[in-house]
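Asker: Attaching a predicted model along with its sequence, questions to come.
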Amino acid sequence: MYCSHCGRPVDTAARYCPACGAVVQPTGFVRVPVFGQLTRPRYPRVFGGVCSGLALHYGWDITTVRLLWVLCVILGGTGVLAYIIAWIVIPEAPYVLPESNIGSGV
């Protein structure tokens, strides 16, 4: 598991990051924020990551965002077009590489 603020590895049982002191959320996915920019995460995603990106960026529940999007598709009919446009417009999150141990004597 990695810290959502500094990106460093954190023990799965830890509640706080030992490097930056941030509260570690015990979720099943890694959230690496790109401050000031909405991105589509690589995990968790179902189709294109639009709902996951919106939920992670604004701090909402992913399931709620997905249900609202399905309601927009069923009731309004414009949900599919809006999803495709958001899929094209919102950039994908960058890959996060693990911290290198080169030169640390490990």
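Answerer: Received the coordinates, thanks.
Asker: care to break this structure down by domain?
Answerer: 1-29, 33-95 (automatic domain parsing).
Asker: Give the residue spans of the protein that score low on pLDDT.
Answerer: Scanning the chain with the threshold set as pLDDT under 70 gives 1, 4-5, 25-36, 97-106.
Asker: any chance you could map the helices in it?
Answerer: Under the criterion DSSP state H, the chain contains helices at 50-58, 62-71, 79-89.
Asker: The shortest one - contacts with which helices or strands?
Answerer: Going back to what we said before, that points to helix 50-58. Where contact means 3 or more C-beta pairs under 8 Å, 6 or more residues apart in numbering; DSSP states H and E, helix 50-58 is packed against helix 62-71, helix 79-89. C-betas here are computed from N, CA, C, even on glycine.
Asker: Could you tell me the angle between it and helix 62-71?
Answerer: Angle of helix 50-58 versus helix 62-71, following axes from the mean of the first three to the mean of the last three C-alpha atoms, to 10 degrees, is 130 degrees.
Asker: Run the angle between helix 50-58 and helix 79-89 for me.
Answerer: 70 degrees.
Asker: Could you export helix 50-58 as CSV, CA atoms only?
Answerer: Listed next in CSV are the C-alpha coordinates belonging to helix 50-58 (Å, rounded to 0.1, in the frame of the first residue of the first chain):
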residue,chain,number,x,y,z
VAL,A,50,-14.5,8.4,-15.6
CYS,A,51,-16.7,7.7,-12.6
SER,A,52,-13.7,6.6,-10.5
GLY,A,53,-11.8,9.8,-11.5
LEU,A,54,-14.7,12.0,-10.5
ALA,A,55,-15.2,10.2,-7.2
LEU,A,56,-11.5,10.3,-6.3
HIS,A,57,-11.0,13.9,-7.3
TYR,A,58,-14.0,15.2,-5.3
